[in-house]
Each structure stands twice: as C-alpha cells, then as structure tokens.
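K.L.:
Following is a predicted model, sequence given first.
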Amino acid sequence: MNGDTLIKKNRAFFSNILKKLLIFLSVFGPATITAMADNDAGGVATYSIAGSKLGYPILFPLLLITILLGITQEMGIRLTVITRKGLADLIREKFGVKVAMFMFASLLIANMGTIITELSAVKTTSAMLNLPGIPFVLVIVLVSFWFITKGNYKLTEKIMLISCLFFLTYIFSAFKARPDWGLALSNLAYPHGVAVTPDYLKDYLIIGMGVLGTTITPWGQFFISSFAFDKKIEKGKVNFSQMEAYWGAFLTDFFSFFMIVATAATLFVRGIPLVSGEQAALAIKPFAGELAGSLFAVGILNAGFMGLVIVSLTTAYAFAEFFGLSGSLNDSFRKSKTFYILYLLQLAVATVIILFPGVSLFKLAVTTQVINAIALPLVFYFLIKLTNSKELMGEFANTSFQKNFAIVCTVVIMIASAFTMVAVVLNL
Amino acid sequence: MAFLSEYIGKPVVDLDGQRIGVVKDLIARNWEKFPHPVIEALLVQHKGGELILPLTDVAAFIAPAIALKHRTEQVKPFSPQDEDIYLVRDVLDKQIIDKDGARVVRVNDLELVRVNGTYLVSNVDVGGMGILRRIGMAGFAQNLAGVLHVKVPKNYISWDNMEILRYDQSMRLKVPVDMLSELHPADLAEIVSDLNSLQTSNFLDSLDMERLADTLEEVEPEFQARLLEGMSDEKVADVLEEMEPDEATDLLAELPKERSEGLLAMMEADDAKGIRKLLAYPEESAGGIMTTEYVSVRPDLTAEQAIQVLRENGPEAETIFYVYVTDEANHLVGVFSLSNLIFAQPETLVSDFTVKRIVSVHPLDEQDEVAQVIAKYDLLAVPVVDEENYLHGIVTADDALDKIIPTAWKKRLPRFYR
C-alpha cells in the first residue's frame, strides 16, 4: 500500500467521523437536557444528603442508576423519533381519554410540587449568595417566561445547554474538598470503607432508593419525548438520538458523582449531618473554602432554574398533546396561547405559594413523591407497551431482550419509587 | 342525536334476547361525492373474539341494548373494505391538524345522526362536553349547568370540514381554522337529498319509463331536476311524456330555460302543447299547479253514455270523482260527482243531476287561495276558469295542499331528525 492511498483512506475515515459528529450534534439536546434536569434542585439536595450521611459507599448505585436512566430515556426518545408523536399524544390515542385525563391530573399536581421545590431552592440559595430571595425568584420566572414565549425551540435549547455547563461547578467544589479519590472511585465498583451498622444499612437503603426515585421521574419521561418532538428529529437519525440518551444518562451521573464526593469528603468524614440539601453549600464552606461553597450554591441555583423551566414546560407540552392543542416553542404566543399560559400559570402559582413562609415544603415533597410513585409504573407500562408495538414502531420495536430488560428495570424503579414514597411519608 | 361514545360498550342481543357481546367499534363507509360517512356495520366484541355485523341486520340501534333481527347463527357477517373507517380505531381521540400541519384540537367524540333510517357521522365534537361524556360526567355537568343557569357550550366541527388521510395519521382540516363550521340542523335537509340522490341514481337507472315517471312525481321538483341532470335528453323527454302534465311542467320550470325548451321540442307534439300552456302561467298560481287531464262531458249525454266516456278517458285523468260538464267551446256549465252519476238512472240526462252553482278559481289566483277554497268547500278538486268561463284545467286537492304544506313542513324537518 503506498502512502497516497493511506492518506486518502485516512481522509475518508476522518471525514466520515466528522460527518457522524455533525449528525450527532444536529440531534443533540433533548436527551442531555432531560437527563441533566433530572439533577434538579431536589436531585442535588438528595445527593448532598446522601453524600453527607453515607459517604463514598453511596456512589455504588450510580452505575445502576445510569443504566436505568439510559434505558428508559432511550425508549422515550426512540418512540417519539419513530412515531413522530409525543408520549402524551400516544397515550391519548392508544389508551383513550380517561387514561389521558388521569395521567394529566397526576402530572399536573406532581409537577406543581416539583416546581415549588425548585423555586424554594432558588429562594434559599439566592439568600446564601446575598441576593434578595423573592425578587430574584420573580426575575427568574419572568426571564424564563420571556425567552420561552419570545424565543424559539433553538434559543430555549441553547439556554438549557449553557445551564448544563454550570454543573461543572460541582467538579470544582469536589476538587476543593480534597477527597480521597482512590476511595471514591473504588466505591463505584463495590461499596466499602465505612463501619456498617444496622442504622447505616437502613439509611443506605432508603437514601439509595431516594436517589433513584428523584432521578427517574414521570415528568422526565414526558419531557424527553415532547422536547424531541418539538426538535423534529428525523427518523433516520434515531440511532444518534439513542446514543445521546445513553450519553445524557452518563453525564448526569458523572456530575452526581462529584456532588456526592464534595459532600462526602467534607461533611461525612467529619460527621456533620445535613438537614436539608440547600444547606450543603453553606456547610461545605468551612472545609472546602468560600469559593467552593459559593460555586456549589450557584450549582443549586442553576439546577433550580433548569428544573423550573423544564418541569413547567413538561406540563404545558403534555396538556397540548393530551388535548391536541398547538404547543411548540417555535409557535408565537398567539398561536399556542394555552401552552404558554399554562407554563406561566404554574410558575405564578408556585411563586405565590413560596411567598408564604408557613407552607410546609415537607408535606409538599411527600405529596409529590406519592403521586410520582403512583404515576411512574403507569408511565413505564405505557412506554413499554408502545415501544413493543410492531404496528407503531416497525423495525424499531423493542426486541424481546429490550422488552424484558425494560420490564426488569421498571420493576426496580417501581420498587425504589414506592420505597421512597414510604420513606418520605414516614419521615425516616 | 346520538354520540359514538354512547354506543361503545353497549350490549348486542339477538332475536331471542340472547347476548352476543358488546359494541367495540362502528364501521362507516364514505360514499362517493357524499361528505359524511355512513355507518354500515358494528364491530362486536364477544368472548371468542370479534364479529362484524351489518347495520341492516340491526332491528333497534338507538336502544339500551342493540337488538338484531335474526338469531346469531342466521346473521351474515359483514366483510369490511379497505377504505372503511373504524370510527373508534381511526377517528376517536385523533389529532386534528390545520393545513400547515399545526395541531388544532383532538376528536373528543362524534355526533351521529339518523337520516331516513341511515346513520351518518354529522359533526366532530371537539369540546369539553365531549370529554365529559367520555368520562361519564356529561349528565353531572348538564345538571350543574342547569343549576347555575349557564349554557353548556357546544363545540362541533362538521365532518366535511376535514379529511382523514390514513388511519394512523392525523385528520386534516380542509378549511382555515377561523372558517370552521358546525353542521347545522338546517343543512341536514340538504344531506337528505344528497344521500337520496346517491342511493337512488343507481336505482333510477334500473326502472322502466313508466315507473321512473311515477317515482319522479313523488319527489320535490328541485330534487327531480338534480336527478335528471345526469340523464340523457332523449330519456328525460320520454319520462316527461309519461308524467302528469302539471308535474312535468313543474319539473321543466326547475330546469335551465335552454334545456327545458330543448326537451319540449323532443317531446310528442300533443304532450308538449299541454305543458307549454301550463308553463305560461306563474309557477305559484292556480294555472301553474293545475292539470289539464280531467274528464268532461256534454250536458245532453245520458248517464249511461257519461259512464262510457268515463271508462274511456278516466284512466288518463287525474281524478274521476268529479266530472265537468262543458259546452262545445269548453265553457264550464256545471259539475257532478261520481256518486251522482252512479245513482242516476241510465237514461237520465246528465243536465238533470249537474250542479250548476260552481266553486271555481282563476288561473292567476295564488296557490294558497286555491288551497283555501278547496279546504273551505271540502273539495277533491277545483276547476280553473277564466273571465269567459273557459275551463283551463283543474287543481286537485293533493296538488293544492302539496304546494302549501312543504314550506311549513320543511321548517320542521330537521327537528324530526334530531
């Protein structure tokens, strides 16, 4: 083989790679954003508590969570790209109006609870950063409403992707906490390095389930589908979207890893428990430094922002799909009025609720978790049933391996979800 | 008025009241050139599987349980065609999109209407009531609205405003969103004619001239004209000859002038002459609705001779219950009834039992005046005479009332069907 053909071959190889990369970038967005939003304010809080209370061993379930998240997100995005319909669309069309009404009602209530959690996290952490809480919340709500209505799909996607970059703050905080990296990494493979007591085991089980329960949510399944629908990804690029689903799941837990490490290396090793997740930013300051603490706070703030935009959008998208109204970020306010008003209305109600200090966030979290735990098995039932359908999915229908694996994953998630519900209700 | 959602899950029983299963879907078919699908069959779910039954085998469709005319084993299963629409599978809960592909709303329910024993899909219910009906809350909502004195908003879109592309795709609107309309009850009358024309055009082709003429006489003139649009002029001319002159005149009056002139030219001279005469009168006058086919006799005939005349001319005449007595110049002298004639001795002169005081109308009298005269004197027919007492024709009671009643009846028509 002479040098010339080798160069040509190399060129062909690289231009092929480049082409594939460009296609990948063209579908890039929905899965990554959904997965990252799963680490919303509630998610960060759960991971922080997990890290501070259980230390490095709680890193072990991350691998399982990544797989479960990847599998479920992949089904959602594949369903939408192939059928060119959202999950809510298909639920209404295949399971009827009664089911649609029930799913929408539970999604609306649970999402309201989640949005309130996000907003209150924004309020609390902005106070830590010496920002006026309530005005800051109002500004964030209005700014989000402005870019959602005035902008288009692309702008919202860009803002959300930029928002994803803020998750890098957790990496910085983790490094500043000077953790035992060897112990952290080895705990990914098998949990070790702590004195196992019955109490520790109990907490490990409950919090471990909680971590899974807050990462995989009904709204996440609806959102990835609606957002991919709004992006209008072509059928032929489905394998790139599937890749993105796994990539998004990996990225999410990559950052979760650093959240846990940051709190484990500072709070757990010193035996300082966290009462609430938002306190993590404040609590790690004495050990990781002022900057690390502030960055952690910025991270939570950003997670809250991302969460409130995406969860509120999920309800609006689902409403449009369930009842067949026009609802796209690319539409003008006039055309998709109901969609945009529903988006704003949820945020407005949530803002009013957090203005009252008397509202028990704990009870809210309980309600939210209970509804999510009830809705989640149903969502997966629909998702698996729809992706199994040859009539709907053609050659992209689940293989029997995919189907059985998805069922096993669902059962695991259901158990986790139910467990979390019981734990939250009993305030364990 | 009924809704698709009300049929789903309804029990189906056979002639003996034996339960067959429950309704799972309704199968409708699109007739060519007809904008609303017609329900043809029921998809029945039973223990062993599914069964498709033709609607023609159903004795009672609007009932708590759908009853069949036959026993289960006698029912011939319906074989659906590829283009048939399964209303639940293909339409219910479907997304409706506009011409640009943007979502507009979903199909919450379908309104079904009964027209002449045929069931068709009239409107698509896209409103909240449709959803409430589906989840079994419609009654509650109606009561609540009644208590609160608010009107429950209806939100219907006429089926012919949209098209169904493929069963797994959205339904697309054919008109812009701001021009969507509901199929109004008043439009139903038109649908009746549309549907009839579809079902009858094949049927008319199969009839001989005489039967065709009889059939045409039974339908509204506007509708007659539409039926004749597709027929050749030769055939129409033949049919017109067979029809009663007054009916034929009405029909010709509905056709474009050029065509009616052409048709008259093609008809036999005798028939054409009578019609031409009738055509000269305003359509809604005594002259316009009268017929020239009556029986007349001279006053100097005997009863026996008069009966002979009746035997000869009677079959052609529109009525034989009244026999008119005229002079040589066809001036009206009097009238006698069939019973007068029969009870008279055979050799009695007609003039002996002729009634000379006659109620008559003028050719230019309004048709409702004619109807009033007939009603007032309780007549079967009234003669039409001019100032010189020349007998132009007669108006029979059914023709006179026919001209009055339809307008009143038409206004009420839609309510019958709802």
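P.N.:
Received, thanks.
K.L.:
can you give me how far stretch A:141-153 is from the chain middle?
P.N.:
20 Å (Cα atoms, centre = their mean, to the nearest Å).
K.L.:
Just the CA atoms of it, as CSV, please.
P.N.:
This file holds the C-alpha atoms of stretch A:141-153, laid out as CSV (Å, rounded to 0.1, in the frame of the first residue of the first chain):
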residue,chain,number,x,y,z
VAL,A,141,-39.7,33.4,36.4
LEU,A,142,-40.1,36.5,34.2
VAL,A,143,-36.9,35.9,32.3
SER,A,144,-37.8,32.3,31.7
PHE,A,145,-41.3,33.3,30.5
TRP,A,146,-39.7,35.9,28.2
PHE,A,147,-37.3,33.6,26.5
ILE,A,148,-39.9,30.8,26.3
THR,A,149,-42.5,32.9,24.6
LYS,A,150,-40.3,35.3,22.6
GLY,A,151,-37.7,32.8,21.6
ASN,A,152,-38.0,29.6,19.7
TYR,A,153,-37.0,26.0,20.3
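K.L.:
That one and chain B in contact?
P.N.:
No. Stretch A:141-153 stays clear of chain B (Cβ under 8 Å from any Cβ of the partner chain), getting no nearer than 14.2 Å. Every residue, glycine included, has its C-beta placed from N, CA and C.
K.L.:
Now tell me what touches that stretch from outside.
P.N.:
A:119, A:155-156, A:159, A:230-231, A:305, A:308-309, A:313, A:328-330, A:333, A:340, A:343-344, A:347-348, A:351 (Cβ atoms under 8 Å, 6 or more residues apart in numbering or on different chains).
K.L.:
what about the residue of chain A found nearest chain B, helix or strand, and which?
P.N.:
In chain A, no residue comes nearer to chain B than residue A:324, which is 3.0 Å away by Cβ to the nearest Cβ. Mapping residue A:324 onto the secondary structure by DSSP states H and E places it in no helix or strand at all.
K.L.:
Any figure for the gap between it and residue A:91?
P.N.:
Residue A:324 sits 12 Å away from residue A:91 when distances are taken as Cβ to Cβ, to the nearest Å.
K.L.:
For the two, indicate the residue with more neighbours.
P.N.:
It is residue A:91, of residue A:324 and residue A:91, that has more neighbours when counted by other Cβ atoms under 10 Å in any protein chain shown, with 27 against 24.
K.L.:
contacting residues for residue 240?
P.N.:
This is for chain A. If you count contacts by Cβ under 8 Å, 6+ apart, then residue A:240 has A:20, A:23, A:24, A:26, A:27 around it.
K.L.:
meant chain B actually
P.N.:
Counting by Cβ under 8 Å, 6+ apart, residue B:240 touches B:213, B:248, B:251, B:252, B:263, B:267, B:271, B:275.
K.L.:
re the thing from before, restricted to strands, list the contacts of stretch A:141-153.
P.N.:
Applying DSSP state E to the contacts of stretch A:141-153, no entry is found in strands.
K.L.:
In helices only, show me those residues.
P.N.:
Helix and strand membership here follows DSSP state H; of these, those in helices are A:119, A:155-156, A:159, A:230-231, A:305, A:308-309, A:313, A:340, A:343-344, A:347-348, A:351.
K.L.:
Quick check on the residues you listed: which are buried?
P.N.:
Members of the ones in helices among the contacts of stretch A:141-153 that pass the buried threshold by neighbour count (16 or more other Cβ atoms under 10 Å in any protein chain shown) are listed as A:119, A:156, A:159, A:230-231, A:305, A:308-309, A:313, A:340, A:343-344, A:347, A:351.
K.L.:
Residue A:334: how many residues sit nearby?
P.N.:
The number of residues packed around residue A:334, counting by other Cβ under 10 Å, is 7.
K.L.:
if I look at it, how far off is residue A:229?
P.N.:
21 Å.
K.L.:
same thing with residue B:247?
P.N.:
Counting by Cβ to Cβ, the gap from residue B:247 to residue A:229 is 62 Å.
K.L.:
before we move on, the earlier item: which one among the buried ones among the ones in helices among the contacts of stretch A:141-153 gets closest to residue A:404?
P.N.:
residue A:231 (30.1 Å; Cβ to Cβ).
K.L.:
what about the helices in the stretch 301-428 of chain A?
P.N.:
When secondary structure is read from DSSP state H, counting those that start in this stretch, the stretch 301-428 of chain A shows helices at A:337-355, A:361-388, A:390-393, A:400-426.
K.L.:
where do the strands sit along the stretch 201-350 of chain B?
P.N.:
Under the criterion DSSP state E, counting those that start in this stretch, strands of the stretch 201-350 of chain B are mapped to B:296-297, B:322-326, B:332-337.
K.L.:
how about the residues of chain A near chain B?
P.N.:
Proximity of chain A to chain B is confined to A:89, A:92-93, A:96-98, A:100-101, A:320, A:323-327, A:331, A:335, A:391 under the rule Cβ under 8 Å from any Cβ.
K.L.:
residue ranges with poor pLDDT in the stretch 51-200 of chain A?
P.N.:
In the predicted model, the stretch 51-200 of chain A carries no residue with pLDDT under 70.
K.L.:
so can I have a markdown table of the helices of the stretch 301-428 of chain A showing mean pLDDT?
P.N.:
Formatted as a markdown table, the entries for these read as follows, by pLDDT from 0 to 100:
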| stretch | mean pLDDT |
| --- | --- |
| helix A:337-355 | 92 |
| helix A:361-388 | 82 |
| helix A:390-393 | 89 |
| helix A:400-426 | 82 |
